[in-house]
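Asker: Pasting a predicted model and its sequence here:
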Amino acid sequence: MIKMIIEDFIYEIKEEILSYEELGEKKASDWEKDFMNWLENSEIKKKNIKEISGKKYYLIKDESQIFDIVDEYYNAVEQKNEKKYWEKFQ
């Protein structure tokens, strides 16, 4: 299990989103905004978030999970189903 500081996690995801020409800067920014909303929503149980000494971390199994998250986001955008993506996000 890899612990990534939230800011680093967001950076890695956004960089990968930018590698998809079809998504671009706007969708990278949209993902970040929606992720922050997800993170701040106290009604959602977040099994991949851990707080240690006041810092929040996102837990991933390995680096391939970054690619999986972005691939799922890409598919959601293509299918115009981003709302469902965030409902299932963990």
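Answerer: Good, I have the coordinates.
Asker: Look up which helix or strand the residue lying closest to E16 once chain neighbours are set aside falls in, please.
Answerer: Nearest residue to E16, sequence neighbours excluded (CB to CB, 6 or more residues apart in numbering): V70, at 4.3 Å. Every residue, glycine included, has its C-beta placed from N, CA and C. Assessed by DSSP states H and E, V70 sits inside helix 64-78.
Asker: show me what contacts K3?
Answerer: K3 is in contact with 50, 52, 57-59, counting by CB atoms under 8 Å, 6 or more residues apart in numbering.
Asker: so what pLDDT did it get?
Answerer: Looking at K3, its pLDDT reads 94.
Asker: and if you look at D68?
Answerer: You'll see D68 listed with a pLDDT of 94.
Asker: still on that earlier bit, out of the contacts of K3, who has the most neighbours?
Answerer: Y58 (24 neighbours; other CB atoms under 10 Å).
Asker: per-residue pLDDT, the closest residue to that residue other than its chain neighbours?
Answerer: Leaving aside its chain neighbours, Y58 sits nearest to F9 (4.1 Å; criterion: CB to CB, 6+ apart). F9 carries a pLDDT value of 96.
Asker: Would you mind identifying the next helix or strand past the helix of greatest length in the chain?
Answerer: Longest helix of the chain, by residue count under DSSP state H: helix 24-40. Next in sequence after helix 24-40, counting helices and strands by DSSP H and E, comes strand 49-52.
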